[in-house]
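> Have a look at this fold, sequence not included:
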């Protein structure tokens, strides 16, 4: 034993490629480039996760707490790997689901 621990969660590359992370209250949020989703998990029970906005905004570069609640997500579709739309890249404010 070298002090290493097995991961609590793993995802296939097509659903992952994490690029940014924030902890807001008791929720860990992970932005994913290739997976094109925001992943949320509880600090108390990180072995369970939920995918939010999968495929809705394209590649997500980062996530951060927004003032007065909610979060900001940063899209990254104009770097030659995504499918850019006329409004990319964007900083988007979203509310987190309650509960």
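That came in fine, so what should we check first? These figures come from a predicted structure and were not determined experimentally.
> contacting residues for the most centrally placed residue in the chain?
Residue closest to the mean C-alpha point of the chain, counted by C-alpha atoms, centre = their mean, is residue 31 at 2.2 Å. Shown in contact with residue 31 (C-beta atoms under 8 Å, 6 or more residues apart in numbering): 18-21, 38, 60-63, 73-74. C-beta here means a position set from N, CA and C on the backbone, and glycine is covered the same way.
> which one of those has the most neighbours?
residue 60 (31 neighbours; other C-beta atoms under 10 Å).
> Just to check, that one is in contact with residue 18?
No: between residue 60 and residue 18 there is no contact under C-beta atoms under 8 Å: 9.4 Å.
> tell me, what's touching these two both at once?
Common contacts of residue 60 and residue 18, defined by C-beta under 8 Å, 6+ apart, comprise 31-33.
> circling back: quick check: which element contains the residue nearest to the centre of the chain?
strand 27-32 (DSSP states H and E).
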